[in-house]
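Asks: got a sequence here, can you model it:
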Amino acid sequence: MSEIRFIDTTLRDGHLSLWALRMRIGHMLGAARQMDRCGFESMEFFGFASIIKQVRELKENPWDWVRLGVQEFPRTRLRYHGGLGSGFEPVPACVIRLVLERVIARGITLTRSSNPWNDYVVLAKEIEILGKMGMDVVANVIYSVSPKHTNEYYERKVRELAALRPYRICFKDVGGLLTPDRTREMLELVMANVGDIPLEFHAHCNNGLAPLNYVEALKLGVKTLHTSIPPLANGSAQPSIFNVAANARALGLTPRVDLEAVRPVEEHFTRVARQENFPFGAPREYDHAQYRHQVPGGMISNLRYQLGTVGMGDRLEETLEEAGRVREEYGYPIMVTPLAQFVGTQAAVNVMVGERYKEVTDQSIQYALGYWGEEGARLMDPDVKDRILGRPRAEEWRSWVRPEPTLDEVRQKFGGPGVSDEELVLRVITGTDSVKAMLDAGAPREFLHAGRPVSALLKQLAGARELRQVHLRQGGLSMHLGQREA
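Replies: As a prediction, the model looks like this:
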């Protein structure tokens, strides 16, 4: 019972939090086989947000990653992240289900899912649908800090979720808000109410305290923790597997992971970071301002960019302060996708325009109308709600009904019966032009292999027909390669 198991988040949450999903398929494939040898209980492998990023920006087919990547993980159970959600993308429900069908057909039968309001009446239907499709669901209880997110609130929410009998429950600190004292308090509460459902703990390092919080979780008897591999650990991502495993061992526990197998993976992603100029995740200093605005780390860089484009890059701190006020007026939503984006964007608009709520986003109107959850519309500050809805644009949204076409109708609009299910999904989510540009770009490029970097480099150089001679030197080792004359 002293064994501690790990869910690896490197390729999904670590990748998203620190590198904005900018790694190419070849980067990830280069480490995949070695990662399968590390002994992780399971691994976050693929999520909805990856589809948009890979097609539109990287010009790569995400189904290539699923198809090729799954083959590299015979030992490790892979996870799709997001359940039936699509963030804030207006994607028809039939298409979201088609994504899940294709993921399941490729052998991925485990997902982690949330409702941004911890609304388990809504999530109950999703768990039921996913179960019938053949998908086990790890359901999140999301931690937040506000006057309404009390111990009594979380005791009630954990009991509601446990009554749904998900595959597992994950207590998730998405904003990196827990302190060691609060971790002890919350995990004791959660563990007292989950019953016999296995518990996982997932936290971000935004306030620098997550590694300490993991120690408290281990002391309390939590057996499954979410970690990442450097350089895709720490920062705004999850704690490092090396640190957490060492602390578990110091507590007399047995971490079920092969750290010697992890080291080549760390070396691989370090090479990728240097090659692509990606940042290295590093431990953060404690920042108490995080508790006032609770804007996730990845969003802060986006706000900085938005303000910079209009010559207001020096107004970031003011915008974060405004985000705290907007969140309060919006009824204290949990700062998670998509609610965090709605709050942060409206705060930026208020600062840029110079008058609060003089201009509002369509998402703020939708929020006030309850399209993104009844709780938000019900708890919103009445005066702010009146300002948002007292404009002609709001009248247009009042009569809007979200279209839910059938799959046949979607197929007719986006290419007809000759288009595969996987390409159809990409056309709907990213647009036909984006898919064409991706297909024109060709297959994913190969990169160095984590387990065999030298042999892979030699193979890669041998296939480079434009090179006639290559000379390598490191320390006292020298190697010369050249093509034979015909």
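Asks: what about the helices in the stretch 1-150 of the chain?
Replies: 15-19, 25-35, 48-52, 62-71, 93-105, 120-133 (DSSP state H, counting those that start in this stretch).
Asks: could I get those helices as TSV with mean neighbour count, mean pLDDT and distance to residue 144?
Replies: (Each C-beta comes from the backbone N, C-alpha and C, glycine too.) Converted to TSV, the helices of the stretch 1-150 of the chain look like this (neighbours: other CB atoms under 10 Å; pLDDT from 0 to 100; distance: least, CB to CB, whole Å):
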stretch	mean neighbour count	mean pLDDT	distance to residue 144
helix 15-19	24	91	18
helix 25-35	23	97	31
helix 48-52	21	90	21
helix 62-71	19	96	31
helix 93-105	18	95	25
helix 120-133	16	96	15
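Asks: to residue 267, which of those helices lies closest?
Replies: The closest approach between residue 267 and any of the helices of the stretch 1-150 of the chain, judged by CB to CB, belongs to helix 25-35 at 9.4 Å.
Asks: packing partners of that closest one?
Replies: Applying 3 or more CB pairs under 8 Å, 6 or more residues apart in numbering; DSSP states H and E, we find helix 25-35 packed against helix 62-71, helix 259-276.
Asks: before we move on, what's the pLDDT of residue 483?
Replies: Looking at residue 483, its pLDDT is 67.
Asks: could you find the closest non-adjacent residue to residue 219?
Replies: Distances taken as CB to CB, 6 or more residues apart in numbering place residue 251 nearest to residue 219, at 6.8 Å, with adjacent residues excluded.
Asks: how much space between the one you found and residue 244?
Replies: Taking CB to CB, to the nearest Å as the measure, residue 251 falls 11 Å from residue 244.
Asks: picking up where we left off before, burial check on the residue nearest to residue 219, number of neighbours?
Replies: When neighbours are counted by other CB atoms under 10 Å, residue 251 registers 12.
Asks: and residue 282, by the same measure?
Replies: 12.
Asks: so it touches residue 232, yeah?
Replies: No. With contact defined as CB atoms under 8 Å, residue 282 and residue 232 do not form a contacting pair (11.5 Å).
Asks: okay, now the unreliable bits of the stretch 51-200 of the chain?
Replies: The stretch 51-200 of the chain contains no residues with pLDDT under 70.
Asks: domains for the protein, by residue range?
Replies: For the chain, automatic domain parsing gives the domain ranges 3-276, 290-398, 453-482.
Asks: quick one: the strands in the stretch 201-350 of the chain?
Replies: Here the stretch 201-350 of the chain has its strands, by DSSP state E, counting those that start in this stretch, at 224-227, 254-255.
Asks: dump these to TSV, plus distance to residue 154, mean neighbour count and mean pLDDT.
Replies: Shown next, in TSV, are the strands of the stretch 201-350 of the chain (distance: least, CB to CB, whole Å; neighbours: other CB atoms under 10 Å; pLDDT from 0 to 100):
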stretch	distance to residue 154	mean neighbour count	mean pLDDT
strand 224-227	19	25	98
strand 254-255	28	18	98
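Asks: among those strands, which comes closest to residue 157?
Replies: strand 224-227 (19.7 Å).
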